[in-house]
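Trainee: Give the three-dimensional model of this entry:
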Amino acid sequence: MTQHQPLTPAPYVWTAPPLGEATSAHPRFYTDPEVFKAEIAHIHLKHWFFAGRVEEVANPGDFKALETVGGPAALVRGQDGVLRAFANICRHRNSILLEGKGCAHSIVCPYHGWSYELDGTLAGAPGMREVPEFEKPPHGLLPIRMETWDGAIFLNFDDAAPPLSEHLGDLPELLGSHRFGDMRVTWQIEIETRCNWKLLLENAMESYHTGIVHAATVGAQKSMSFPTRGEWHCIQVQAGSSIAVLDGDPPFPPIAGLSEQSRKGTYFTLIEPTTQFACAQDTIWWLAVRPVAVDRSVLSVGGCFPRPYTELPDFEERAAPYYQRWEAVALEDVGILEKQQRALGSVMARPGPLSWRDDMVLAINRWVLSRLPAEVAATLT
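Mentor: Predicted coordinates for the structure are as follows:
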């Protein structure tokens with residue numbers, strides 16, 4: 001029987017090379033278009049990424065259009081109640097079909113009027129009766145692989161990739177008492193950033209910078225690291241109450257039934273390659289990164305609360321400080337990371353020595369490097 005590492009925190013979780021010899025990644029890791037191209041092909045198009053919450057598309061006809069690293073996509077709840085994911089492109093000449101969020105009885109292309117049922121089958125193709133041998137069945141919407149975990153929707157462009165449960169490993173064990181399935185998303189923003197996608201996630205997984213970059217907001221923080229099984233990493237910022245607001249006591253009480261470890265602080269996780277769930281004692285929020293170019297990314301930030309909280313008459317008033325905190329801290333991070341991206345482009349940039357508080361930065365770097373072709377990885381040493 002396989003022995004699993006216990007989900008107990010330690011001062012740091014280190015991977016070779018040993019502390020004192022480890023350095024930050026080569027600057028080309030963040031600036032070379034060929035490295036970025038390899039990451040798209042070998043990482044982003046082959047692993048699971050977060051696409052939203054099931055309550056966003058809860059009722060028959062509900063849809064959500066989104067941009068992904070593989071192109072436009074749409075989440076659609078069919079009349080049969082089944083949630084599906086499709087490429088958001090018409091099978092005629094690849095026009096965008098859906099925009100934003102909404103509810104529809106069918107999907108109609110705004111260019112030439114081709115129409116589709118909510119299960120993706122082609123319903124109508126004006127003018128195609130005159131085309132010899134044209135038949136509807138082969139020309140339905142193209143499905144994208146989709147799985148969910150406790151209300152969180154993940155997509156994957158690789159049909160051969162392991163199932164989501166294998167990718168998540170023991171993450172549900174650690175985060176289970178937060179009861180993700182009973183959460184409701186109440187707030188979302190997207191921030192366009194001028195930095196490499198990895199910088200956003202490295203920053204999100206270390207507390208080394210918080211006392212400096214966030215001196216006026218969340219301030220200095222101390223964290224512990226967790227050994228994990230699966231394609232994910234975890235730290236916990238130690239604090240006896242929620243750090244999801246900036247000032248005063250948290251407006252909401254702790255989530256009922258939290259585990260002893262979950263009551264000790266806020267988990268910051270990275271589900272490789274681009275999804276972070278942050279789990280405080282009273283709420284959860286996410287950071288999801290969409291790579292656009294080697295020096296451009298889109299950062300999605302969203303917040304969720306237990307369903308009973310959202311039904312309180314003064315919920316919006318209570319929730320406002322959380323939204324302010326999430327946006328303010330995200331913008332502070334983006335500001336410093338855009339400066340870091342500029343510096344990485346210097347001809348004088350070199351790898352630097354890592355602190356023990358950079359343990360997850362090293363883990364992220366090694367995870368990415370291990371999935372790049374050998375000839376690409378060799379250029380980064």
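
Trainee: Just confirm Leu270 is within a strand.
Mentor: Yes. Counting by DSSP: H, G, I helix; E, B strand; the rest coil, one finds Leu270 located in a strand.

Trainee: mind listing what it touches?
Mentor: Leu201, Ala204, Met205, Trp232, His233, Cys234, Gln276, Met360, Ile364 (CB atoms under 8 Å, 6 or more residues apart in numbering). To be clear about C-beta, it is placed using only N, CA and C from the backbone, and glycine gets the same treatment.

Trainee: Can you tell me which of those residues end up in helices?
Mentor: Counting by DSSP state H, those place Leu201, Ala204, Met360, Ile364 in helices.

Trainee: for the last one, what are its contacts?
Mentor: It stands for Ile364. So Ile364 contacts Lys198, Leu201, Glu202, Met205, His233, Leu270, Glu272 (CB under 8 Å, 6+ apart).

Trainee: Before we move on, what's the pLDDT of it?
Mentor: Listed pLDDT for Ile364 reads 97.

Trainee: same check, this time on the second one
Mentor: Per-residue confidence at Ala204 stands at 98 (pLDDT).

Trainee: I'd like to know how far the nearest residue to Arg91 once chain neighbours are set aside sits from Pro163.
Mentor: Closest residue to Arg91 apart from its sequence neighbours, by CB to CB, 6 or more residues apart in numbering: His139 at 4.5 Å. His139 sits 29 Å away from Pro163, going by CB to CB, to the nearest Å.

Trainee: can you check Pro72 too?
Mentor: 25 Å.

Trainee: So which of the two has more stuff around it?
Mentor: More neighbours surround Pro72 than the other of Pro72 and Pro163, with 18 against 11 (other CB atoms under 10 Å).

Trainee: So the more buried one sits against Ile89, correct?
Mentor: Yes. Contact criterion CB atoms under 8 Å: Pro72 and Ile89 qualify, at 6.1 Å.

Trainee: Need the overlap of contacts for these two.
Mentor: Ile96.

Trainee: Low-confidence regions, this structure specifically.
Mentor: Regions of the chain meeting the criterion pLDDT under 70 cover residues 1-6.

Trainee: if I read this right, Pro306 contacts Gly257, doesn't it?
Mentor: No. Using CB under 8 Å as the test, Pro306 is too far from Gly257 to be in contact (10.4 Å).

Trainee: okay, these two: which has more neighbours?
Mentor: Legend: neighbour count by other CB under 10 Å for Pro306 and Gly257, higher for Pro306 (19 against 10).

Trainee: Can you give the contact residues for stretch 314-325?
Mentor: By CB under 8 Å, 6+ apart, stretch 314-325 touches 186-187, 217-218, 244-247, 251-252, 283, 285, 303, 305, 309, 312.

Trainee: buried subset of those residues?
Mentor: Among the contacts of stretch 314-325, those scoring as buried are 186-187, 218, 244-246, 251-252, 283, 285, 303, 305, 309 (criterion: 16 or more other CB atoms under 10 Å).

Trainee: Among those residues, which pair sits farthest apart?
Mentor: Val218 and Tyr309 (21.6 Å; CB to CB).

Trainee: In TSV: the contacts of Leu270, plus distance to Thr266.
Mentor: Putting the contacts of Leu270 into TSV (distance: CB to CB, whole Å) gives the following:
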residue	distance to Thr266
Leu201	17
Ala204	12
Met205	13
Trp232	16
His233	15
Cys234	11
Gln276	12
Met360	15
Ile364	19
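
Trainee: Pick the one among those residues closest to Arg290.
Mentor: Leu201 (11.8 Å).

Trainee: how close does Pro72 sit to Arg53?
Mentor: From Pro72 to Arg53 the distance is 19 Å (CB to CB).

Trainee: Repeat that for Glu99.
Mentor: Taking CB to CB, one finds Glu99 at 19 Å from Arg53.

Trainee: Which one's more surrounded, the two?
Mentor: Set Glu99 next to Arg53 and count neighbours by other CB under 10 Å: Arg53 wins out with 23 against 12.

Trainee: Kindly indicate whether the closest residue to that one other than its chain neighbours is helix, strand or coil.
Mentor: Excluding the flanking residues, the one nearest Arg53 by CB to CB, 6+ apart is Val185, at 4.4 Å. Assigned by three-state DSSP, the conformation of Val185 is strand.
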